[in-house]
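Colleague: fold the stuff below for me.
(one chain, ligands or ions: 1)
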Amino acid sequence: MLIRLRYWTAMLVAGGVAFGVSQYRDAPTALSTAVSDSAEEEMPRSATTADDGLAPSVADAGDKVSTPVDEPVTWTQVVGAGDSLSGLLAAAGLDTETSRDVVQAIGSEFDVRHLKPGQRLALNVSSDGLPKTATLEKEDGSRIRATFGEDPTVQILPPQLVSVRRAGEATVSSSIFAALDGAGIPTRFATDLELVLAETFDLRTRLGGGEHIRLMWREYRSGDRVVGDPTIDFAQLDLADGRYEILWPDDTSRRTTIMKDGVLLQTFDQPIRGARLSSAFGMRMHPILGTVRMHSGIDFAAPQGAIVAATQQGKVAYMGKRSGYGTVVELDHGNGVHTLYAHLSALNEGLRVGQRVETGTELGRAGSTGRSTAPHLHYEIRVNDKPVSPLADTRLRGSGNPTPLTESLVLVGDMQSELDRLLTSNG
Ligand SMILES: [Zn+2]
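Modeller: Numbering: from 1, shown residues only. So this is what the prediction gives:
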């Protein structure tokens, strides 16, 4: 059943997903819908997809939206000036009695006389024409959802964050910062690129001008508002000596993959899923001490409480406090190789010193204990008690990691296609 009205967005039953995010492994919420995004005017060289039927702007004609699998027929309407709830419901084809039930249900939590332009109404209707749910989304992204049937309820749902994938491209003339800025791409990605490539080459000195950069990232929205920081997902750098491609881990993965001209150049597995590097290994200005010091590991940005996992199988060598490091877990991987996970807020209560752990075993939770200004994870690899760069060291790769390299290569291929699609559909 497909209902199409003048200002209504055509909704397709799930299965015919027109825009690809829902096919992605990182579609972040239970909803599996996808929409194209119409906010492209502000960023003409980029493109987006989203995966919520309600939250993103879908008012422009021609957008297609697929409904979640468990909601057979959905339609939404953006409230216009002068619209009333009952008027919208009548326009949707509901009879007077049914419409009154919906108005009454929504009205129990919201003064329907205060309907405002820009709010959105979504209805799920079963095949007999009766509403299953009616949802009104307010400007702040919170929603009032009335469920009908045997056990009717009205709920107020908090704002739902939706991740929207975006893509953009830029050509370097003076600096990478200027190039990204000029293309409307978040300039913070220049830092992400520098950090992830720290052991491959020095990005700043490598760029002489004329290099082409294509990036894909996720931003997070509640309703129409972008909230928090965007997260870089994939990069293609066309440099003088070839094409470098970087795949960052998504929220289900701990692996970064770097390729050159289609050939695997480097991978590394990190202790926190989806986290991004925030500090490189080696000499740096210490943020608290204010002097140049050796940074004996790498840092990952992570919220308080994020799960910290073993990067490789091994034995617990130490758990507890260590000066400067706060609460730590140290693993012994044999052959003199140790890993260290620092500034933890909590230890996995089930672990004991001497116990064997597998790759991915939870060791504790990220925090800010010890000498630390904000929650993050400090991660070290030590060989015979000497710190080595975790990005470059290959001793921990291979056996014991449940994610085979071929899987990473397939994901790179997926990302290439998605990037092409987003940039093309936008052009
Ligand atoms: Zn650190």
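
Colleague: can you read off the pLDDT for residue 64?
Modeller: Residue 64 carries a pLDDT value of 34.

Colleague: list the contacts for the residue nearest to residue 361 when sequence neighbours are not counted?
Modeller: Nearest residue to residue 361 in three dimensions, chain neighbours excluded: residue 310, at 4.7 Å (C-beta to C-beta, 6 or more residues apart in numbering). Quick note: C-beta positions are derived from backbone N, CA and C, even for glycine. The contact partners of residue 310, by C-beta atoms under 8 Å, 6 or more residues apart in numbering, come to 271, 331, 339, 357-361, 363.

Colleague: please pick the buried ones from those residues.
Modeller: Burial by neighbour count, judged by 16 or more other C-beta atoms under 10 Å, picks out 271, 331, 339, 357, 359-361, 363 from those.

Colleague: which of those residues fall within strands?
Modeller: Within those, residues falling in strands by DSSP state E are 331, 339, 357, 363.

Colleague: now, the most widely separated pair of those residues?
Modeller: Largest separation among these by C-beta to C-beta: 339 and 357, giving 10.5 Å.

Colleague: quick check: beta-bridge partners of residue 383?
Modeller: Note on residue 383: beta-bridge partners by DSSP bridges are residue 337, residue 386.

Colleague: so for the helix or strand where residue 167 lies, what gets flagged as buried?
Modeller: Secondary structure assignment for residue 167, by DSSP states H and E: strand 161-171. Within strand 161-171, the residues that qualify as buried are 161-170, counting by 16+ other C-beta under 10 Å.

Colleague: what pairs with residue 315 across the strands?
Modeller: residue 332, residue 356.

Colleague: how near is it to the ion?
Modeller: Between residue 315 and the ion the distance, using C-beta to the ion, to the nearest Å, works out to 23 Å.

Colleague: next, the residue in the stretch 301-427 of the chain positioned nearest to the ion: phi, psi?
Modeller: Going by C-beta to the ion, the ion is nearest to residue 378 of the stretch 301-427 of the chain, at 3.3 Å. According to degrees, to the nearest 10, the main-chain angles of residue 378 amount to phi -100, psi 130.

Colleague: that one reaches residue 301, doesn't it?
Modeller: No. Applying C-beta atoms under 8 Å as the test, residue 378 and residue 301 come out as separate, 11.5 Å apart.

Colleague: who has more neighbours, these two?
Modeller: With neighbours defined as other C-beta atoms under 10 Å, residue 378 and residue 301 compare such that residue 378 has more, 25 against 18.

Colleague: going along the chain, name the helices of the stretch 201-350 of the chain.
Modeller: Per DSSP state H, counting those that start in this stretch, the stretch 201-350 of the chain carries helices over the ranges 203-206.

Colleague: is stretch 184-201 positioned near the ion?
Modeller: No. Stretch 184-201 stays clear of the ion (C-beta under 5 Å from the ion), getting no nearer than 12.3 Å.

Colleague: and the contacts of that stretch?
Modeller: Residues from elsewhere that reach stretch 184-201 (C-beta under 8 Å, 6+ apart): 42-46, 168, 170, 176-177, 180-181, 202-204, 215, 217, 229-230, 232, 235, 237, 244, 246, 248, 256, 258, 265-266, 276-282, 389, 391-392.

Colleague: give me the buried subset of the residues you listed.
Modeller: Buried members of the contacts of stretch 184-201, scored by 16+ other C-beta under 10 Å, are 43, 45-46, 168, 170, 176, 180, 203, 215, 217, 230, 232, 235, 237, 244, 246, 248, 256, 258, 266, 276-281, 389, 391.

Colleague: keep only those of these that are in strands.
Modeller: Per DSSP E, the buried ones among the contacts of stretch 184-201 map to strands at 46, 168, 170, 215, 217, 230, 232, 235, 237, 244, 246, 256, 258, 266, 276-279.

Colleague: next, the contact list for residue 245, please.
Modeller: Taking C-beta under 8 Å, 6+ apart, one finds 234-237, 258-260, 412, 416 in contact with residue 245.

Colleague: let's have the residues you listed in a markdown table, adding distance to residue 188.
Modeller: Shown next, in a markdown table, are these (distance: C-beta to C-beta, whole Å):
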| residue | distance to residue 188 |
| --- | --- |
| 234 | 16 |
| 235 | 13 |
| 236 | 18 |
| 237 | 17 |
| 258 | 19 |
| 259 | 23 |
| 260 | 24 |
| 412 | 23 |
| 416 | 23 |
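
Colleague: can I get those in JSON lines including distance to the ion?
Modeller: Converted to JSON lines, these look like this (distance: C-beta to the ion, whole Å):
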{"residue": "234", "distance to the ion": "26"}
{"residue": "235", "distance to the ion": "24"}
{"residue": "236", "distance to the ion": "29"}
{"residue": "237", "distance to the ion": "26"}
{"residue": "258", "distance to the ion": "21"}
{"residue": "259", "distance to the ion": "27"}
{"residue": "260", "distance to the ion": "28"}
{"residue": "412", "distance to the ion": "28"}
{"residue": "416", "distance to the ion": "33"}
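
Colleague: ok, those vs residue 296, which is closest?
Modeller: residue 258 (22.6 Å).

Colleague: residues touching the nearest residue to that closest one once chain neighbours are set aside, list them.
Modeller: On the basis of C-beta to C-beta, 6+ apart, the spatially nearest residue to residue 258 that is not a chain neighbour turns out to be residue 266, at 4.4 Å. Going by C-beta under 8 Å, 6+ apart, residue 266 touches 199-200, 257-258, 391-392.

Colleague: next one: residue 266 from the ion, what distance?
Modeller: Taken as C-beta to the ion, the span from residue 266 to the ion is 21 Å.

Colleague: check what pLDDT that residue gets.
Modeller: pLDDT for residue 266: 89.
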